[in-house]
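Let me see the structure of the following:
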Amino acid sequence: MELLIKKNDYYECLNDGIRLVNIKFYSAKQVKDRLLKKNYQEDDIREVIEYLKKIKAIDDEEFYRSFVEFKSNQGYGPIYIKNKLYELGIDKQVILSYEKQYELIKKQLSTRKSARLNKNVFIKKMRNKLVNQGFDLDIVDDVIDDIEIESNEDILKEEYEKLFNKYQDKYEEYQLKQFIKNKLLAKGYRVSEIEIIMEEEI
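A predicted model of the protein is given here:
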């Protein structure tokens with residue numbers, strides 16, 4: 001009876017394992033984690049995973065290649081992808097060529113056309129975002145240096161006018177200018193840009 005129960009448990013585990021890999025392409029660790037949540041014995045899970053590997057229903061090498069391609073096409077860099085793969089039980093280097101990273105970064109920076117941000121603020125935000133997405137900082141800076149990112153003085157002018165209208169009755173002229181300048185500096189604008197707008201508004 002014990003052997004029958006044991007065999008039955010194994011086949012239930014196997015059936016659940018097959019259902020998992022029929023739904024989605026999983027790494028071995030993902031399958032193991034999901035089967036553990038169903039309270040199967042580790043020996044049964046190990047046998048099921050070995051069987052699924054044998055019939056190529058689980059293939060961590062193929063999963064690795066597919067995951068790298070999929071995530072890079074989503075706009076993620078090699079460092080981010082490597083960390084995600086490690087979480088999925090695959091500890092391998094992720095190498096994206098300089099050219100591939102350059103094109104992926106350039107594509108994201110092209111969103112400047114619709115971004116309601118000052119050029120310098122936009123570059124700062126995008127630089128941080130791209131590094132967080134796992135791209136090499138040197139390549140990010142190369143792209144920023146190479147492409148022309150349009151400045152948008154109208155945005156700074158709008159920001160200035162909003163602050164001026166809001167606080168003009170609260171401060172004297174000199175204090176008001178200093179207050180607005182500090183507010184704009186805190187938002188990432190440069191002193192030279194702010195002073196040009198202030199001169200125009202006088």
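
just checking, residue 41 touches residue 9?
Yes: contact criterion Cβ atoms under 8 Å: residue 41 and residue 9 qualify, at 6.6 Å. Using the backbone N, CA and C atoms, a C-beta is placed for each residue, glycine as well.

can you point me to the longest helix in this protein?
If you go by DSSP state H, the chain has its longest helix at helix 2-23.

May I see the buried residues of that one?
10, 13-14, 16-17, 20-21 (16 or more other Cβ atoms under 10 Å).

Flag the least confident of those.
Note: of the buried residues of helix 2-23, the lowest pLDDT belongs to residue 10, at 89.

Disregarding residues adjacent in the polypeptide, which is nearest to that residue?
Residue nearest to residue 10 in three dimensions, not counting chain neighbours: residue 44, with 4.7 Å by Cβ to Cβ, 6 or more residues apart in numbering.

my read: that neighbour touches residue 9, true?
Yes: the criterion here is Cβ under 8 Å, and residue 44 meets it with residue 9 at 5.8 Å.

tell me the domain ranges of this structure?
With domains defined by automatic domain parsing, the chain comprises 2-58, 63-146, 153-201.

Now find how far off-centre the last one is within its chain.
The gap between where domain 153-201 is centred and where its chain is centred comes out at 34 Å by Cα atoms, centre = their mean, to the nearest Å.

any idea how far residue 118 is from the residue most central in space within the chain?
For the chain, residue 133 is the residue whose C-alpha lies nearest the centre (Cα atoms, centre = their mean; 3.7 Å). Distance, residue 133 to residue 118, by Cβ to Cβ, to the nearest Å: 22 Å.

Which residues in the strand or helix carrying the residue nearest to residue 10 does the neighbour count mark as buried?
Using DSSP states H and E, residue 44 sits within helix 42-54. Across helix 42-54, burial judged by 16+ other Cβ under 10 Å covers 44-45, 48-49, 52.

Need the residues that contact that helix.
The set of residues external to helix 42-54 that reach it, using Cβ atoms under 8 Å, 6 or more residues apart in numbering, is 9-10, 13-14, 17-18, 21, 28, 31-32, 35-36, 40, 58-59.

let's see 10 Å
6-7, 9-18, 20-21, 26, 28-29, 31-36, 38, 40-41, 57-60 (Cβ atoms under 10 Å, 6 or more residues apart in numbering).

Please apply the same query to stretch 91-108.
For stretch 91-108, the surrounding residues in contact (Cβ under 10 Å, 6+ apart) are 60-61, 64, 67-68, 71-86, 126-127, 129-130, 133-136, 138-144, 146-147.

hmm, 8 Å instead?
Taking Cβ under 8 Å, 6+ apart as the rule, stretch 91-108 contacts 64, 68, 72, 75, 77-79, 81-82, 85, 126, 129-130, 135-136, 139-140, 142-143, 147.

Now find how far off-centre it is within its chain.
Distance of stretch 91-108 from its chain centroid, counting by Cα atoms, centre = their mean, is 13 Å.

Same check on stretch 75-95?
So, by Cα atoms, centre = their mean, the centroid of stretch 75-95 is 12 Å from its chain's centroid.
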